[in-house]
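Colleague: Fold the stuff below for me.
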Amino acid sequence: MDTKKILILLISFVVLVNYVNYIMPDRNELADQIVLLKNKIDREKRLNDMKLVDQNLTIPEAKLFFSAKRYSYSKAMGEFQQIITDAIKGNCHMRNIKWAQVPSDNGFYERLSLNTVLECKPKKFFLFVNRLRDQGKLITFDNLLIGAVPKKDILIVSFQSHGFRMKDE
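Modeller: So this is what the prediction gives:
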């Protein structure tokens with residue numbers, strides 16, 4: 001009689017462990033979802049309470065672009081190169097940086113191009129990108145190639161970066 005009770009108890013434990021725990025919702029996950037939803041609701045309430053006007057949302061072009069009135073092509077390229085090298089300092093080692101010969105003309109703006117090759121660790125590369133983002137100028141990357149140096153924790157990063165110089169009409 002005791003073996004039957006022990007067998008039933010063991011079977012019930014197996015069922016409890018294998019089936020009931022997977023069927024019951026995870027309380028920690030539900031608590032995290034509740035906190036996430038409360039944060040989203042609070043953020044939406046703050047956005048609804050703000051008096052948003054188009055003037056507050058627009059970003060002046062002078063902040064994002066180099067101005068043709070203030071900067072000639074060479075001065076704009078020098079300033080653009082200085083922004084890139086400032087972001088590189090302390091994060092990566094610059095192997096090569098080369099100016100494009102002529103800016104590409106796209107209507108109301110000119111695209112300034114720099115070809116750059118860096119050596120850096122993966123985390124340092126992300127710090128470099130974050131520093132570029134904090135500069136306040138509109139900078140884009142094209143032809144991004146990332147390769148690892150064998151047996152080292154270093155990346156070789158090659159890219160073409162673009163800054164923009166707004167033409168004044």
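
Colleague: what does stretch 113-131 rub up against?
Modeller: If you take C-beta atoms under 8 Å, 6 or more residues apart in numbering as the criterion, stretch 113-131 is touched by 77, 80-81, 84, 86-88, 91-100, 103-104, 146, 149, 153-163. The way it works is simple: take the backbone N, C-alpha and C, and place the C-beta from them, glycine included.

Colleague: and the longest helix seen in the chain, what does it pack onto?
Modeller: Ranked by residue count and defined by DSSP state H, the top helix of the chain is helix 27-49. Counting contacts by 3 or more C-beta pairs under 8 Å, 6 or more residues apart in numbering; DSSP states H and E, helix 27-49 is packed against no other helix or strand.

Colleague: For it, the averaged confidence score.
Modeller: Per-residue pLDDT over helix 27-49 has a mean of 89.

Colleague: Repeat that for stretch 129-137.
Modeller: Regarding stretch 129-137, the rounded mean pLDDT is 86.

Colleague: In it, which residues are buried?
Modeller: In terms of neighbour count (16 or more other C-beta atoms under 10 Å), stretch 129-137 has its buried residues at 131, 132.

Colleague: Residue 149 contacts residue 95, doesn't it?
Modeller: No - applying C-beta atoms under 8 Å as the test, residue 149 and residue 95 come out as separate, 11.7 Å apart.

Colleague: so what sits against both of the two?
Modeller: In contact with both residue 149 and residue 95: 119, 156, using C-beta under 8 Å, 6+ apart.

Colleague: So in this protein, where's the weakest helix or strand by average pLDDT?
Modeller: Using mean pLDDT, DSSP states H and E, helix 54-57 stands out as the lowest-scoring helix or strand of the chain, at a mean of 63.

Colleague: Can you give the contact residues for the longest helix of the chain?
Modeller: Outside helix 27-49, not a single residue reaches it (C-beta under 8 Å, 6+ apart).

Colleague: Restricting to C-alpha, output it in CSV.
Modeller: C-alpha atoms of helix 27-49 as CSV (Å, rounded to 0.1, in the frame of the first residue of the first chain):
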residue,chain,number,x,y,z
ARG,A,27,4.9,36.0,-12.8
ASN,A,28,8.2,37.8,-13.3
GLU,A,29,7.4,38.3,-17.0
LEU,A,30,3.9,39.5,-16.2
ALA,A,31,5.3,42.0,-13.7
ASP,A,32,7.9,43.3,-16.3
GLN,A,33,5.1,43.7,-18.8
ILE,A,34,3.0,45.7,-16.3
VAL,A,35,5.9,48.0,-15.5
LEU,A,36,6.6,48.5,-19.3
LEU,A,37,3.0,49.3,-20.0
LYS,A,38,2.9,51.8,-17.1
ASN,A,39,6.0,53.5,-18.4
LYS,A,40,4.6,53.7,-21.9
ILE,A,41,1.3,55.2,-20.6
ASP,A,42,3.2,57.8,-18.5
ARG,A,43,5.3,58.8,-21.6
GLU,A,44,2.2,59.1,-23.7
LYS,A,45,0.5,61.3,-21.0
ARG,A,46,3.6,63.5,-20.9
LEU,A,47,3.6,63.9,-24.7
ASN,A,48,-0.1,64.7,-24.7
ASP,A,49,0.4,67.4,-22.0
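
Colleague: Thanks a lot, see you next time.
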